[in-house]
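> Please find the sequence and the predicted model below.
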2 protein chains.
Amino acid sequence: MNIEEIRKAIHQHIEAKGLRKTIQRDAIIRAAFSTKEHFTAEGLLEMARKIEPTVSRATVYRTLPLLVEAGTLREMDFGKDYKFYDPNFNERPTHAHLICQDCNKIFEFEDAHMDILENCISHRLGFTPMTKTLRIEGRCNTMAKDGKCDGRGELALGTR
Amino acid sequence: MNIEEIRKAIHQHIEAKGLRKTIQRDAIIRAAFSTKEHFTAEGLLEMARKIEPTVSRATVYRTLPLLVEAGTLREMDFGKDYKFYDPNFNERPTHAHLICQDCNKIFEFEDAHMDILENCISHRLGFTPMTKTLRIEGRCNTMAKDGKCDGRGELALGTR
DNA sequence: CTCGTTGCAAATCTTTTGCATGTTT
DNA sequence: AAACATGCAAAAGATTTGCAACGAG
């Protein structure tokens, strides 16, 4: 799903709700999906203003729920006092997060077994899973052994 | 781990930090672990005041991090604007949550396969897992079939 | 007696909202 | 023209903090 498809999906959702297409909303959408990084409302405001300087904080906060409702953006809790948003669920619908307690980097990973197991458990409990969130916080093994944390990038992507 | 053991563990942690034992803190501890329900800071204040009326909101907010640090209480995000706390990780260290989107009840479950798989994945990625959080939101199958949601209790406990 | 602790109220910080004005259809 | 959207600034709501009085060791 590239950015044009995402934009189309969101505009469809917006239209279905009887709402309108505006330059501010479109700038916010473009900004949100121009990155693979997780971002905050404030960060999104900054990014959107580079595209369209008239975007206001209020419009960002009013638009974010639309992107979440449309199923294109996921609200995330990383233990901070403000919300983060993850734009990568379009590409990798079942990914989970591993947070390094040594360097604070957040890694994304997908695992088919995990996905299947989550589905099994849900059904055994009598539910059809809609949203699954797995977050693992851990210590870097290299850090424990050699005293240095080898996080290989801000956002490590890859199915293992 | 019963409440007396939990109190002891927390008092040990508090002492180790060079802090003091007070009636307000103890009331908050007793309140927090007198229930299996998830609670908010405000809810804990209410419960603690039934034990010791002099407890103030500020002290609750100052004490909560101590219980979390001591490893006896887990901070939880259930998508609301305020934090929830889960006192059940002492009894069931690896439990996860399933939230019914039809009735909003939160079920707790444990699954050994899940636990093992999470550990495997963590090690494969080069980490030793410290905290694992799994939350599944889903639709009730009975609701879908019969139009009624049969959540069998506020907090369903049990390994399946 | 010393230093941590408490309650209160004020401050903080993110997110929400009322309102007058501007835009989309 | 009608209905929705926007920016601004004020409001809201959870959590934090400064401070003077209090309490544990």
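Sure thing, it's come through.
> what sits against A:His123?
B:Asn141 (C-beta atoms under 8 Å, 6 or more residues apart in numbering or on different chains). In this view, the C-beta of every residue, glycine as well, is placed from N, C-alpha and C.
> is it true that it lies in a strand?
No: read with DSSP: H, G, I helix; E, B strand; the rest coil, A:His123 is helix and lies in no strand.
> how close does it sit to A:Pro129?
8 Å (C-beta to C-beta, to the nearest Å).
> Stretch A:48-68 near DNA strand D anywhere?
Yes: using C-beta under 7 Å from any atom of the strand, stretch A:48-68 reaches DNA strand D at A:Thr54, A:Val55, A:Ser56, A:Arg57, A:Ala58, A:Thr59, A:Arg62, A:Thr63.
> How about the contacts made by the first one?
Read it as A:Thr54. Taking C-beta under 8 Å, 6+ apart, one finds A:Ile23, A:Gln24 in contact with A:Thr54.
> ends of stretch A:63-78, how far apart?
21 Å (C-alpha to C-alpha, to the nearest Å).
> list the buried ones in that stretch?
Neighbour-count burial for stretch A:63-78, with 16 or more other C-beta atoms under 10 Å in any protein chain shown as criterion, is recorded at A:Thr63, A:Leu64, A:Leu66, A:Leu67, A:Ala70, A:Thr72, A:Leu73, A:Arg74, A:Met76, A:Asp77, A:Phe78.
> Now do A:Glu52, the pLDDT please.
pLDDT, A:Glu52: 98.
> What sits closest to it if chain neighbours are left out?
A:Ala27 (3.5 Å; C-beta to C-beta, 6 or more residues apart in numbering or on different chains).
> What's the local residue count around the one you found?
22 (other C-beta atoms under 10 Å in any protein chain shown).
> what's the answer for A:Ser122, then?
Neighbour count of A:Ser122, defined by other C-beta under 10 Å: 21.
> if we can go back for a sec, including secondary structure, could the residues of stretch A:48-68 next to DNA strand D go into JSON lines?
Output for these, formatted as JSON lines (three-state DSSP):
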{"residue": "A:Thr54", "secondary structure": "coil"}
{"residue": "A:Val55", "secondary structure": "coil"}
{"residue": "A:Ser56", "secondary structure": "coil"}
{"residue": "A:Arg57", "secondary structure": "helix"}
{"residue": "A:Ala58", "secondary structure": "helix"}
{"residue": "A:Thr59", "secondary structure": "helix"}
{"residue": "A:Arg62", "secondary structure": "helix"}
{"residue": "A:Thr63", "secondary structure": "helix"}
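> Kindly give a single PyMOL line that selects the buried subset of the residues you listed.
Typed into PyMOL, the line below selects the buried ones among the residues of stretch A:48-68 next to DNA strand D, using 16+ other C-beta under 10 Å:
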select buried, chain A and resi 55+59+63
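> Chain A: helices as residue ranges?
For chain A, the helices defined by DSSP state H cover A:3-16, A:23-32, A:41-51, A:57-69, A:112-124, A:141-146.
> quick one, which of the ones you listed is packed in tightest?
Mean neighbours per residue, mean count of other C-beta atoms under 10 Å in any protein chain shown, is largest over these for helix A:23-32, with a mean of 21.
> Could you export the helices of chain A as JSON lines, including distance to B:Asp115?
Putting the helices of chain A into JSON lines (distance: least, C-beta to C-beta, whole Å) gives the following:
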{"stretch": "helix A:3-16", "distance to B:Asp115": "35"}
{"stretch": "helix A:23-32", "distance to B:Asp115": "35"}
{"stretch": "helix A:41-51", "distance to B:Asp115": "35"}
{"stretch": "helix A:57-69", "distance to B:Asp115": "30"}
{"stretch": "helix A:112-124", "distance to B:Asp115": "11"}
{"stretch": "helix A:141-146", "distance to B:Asp115": "19"}
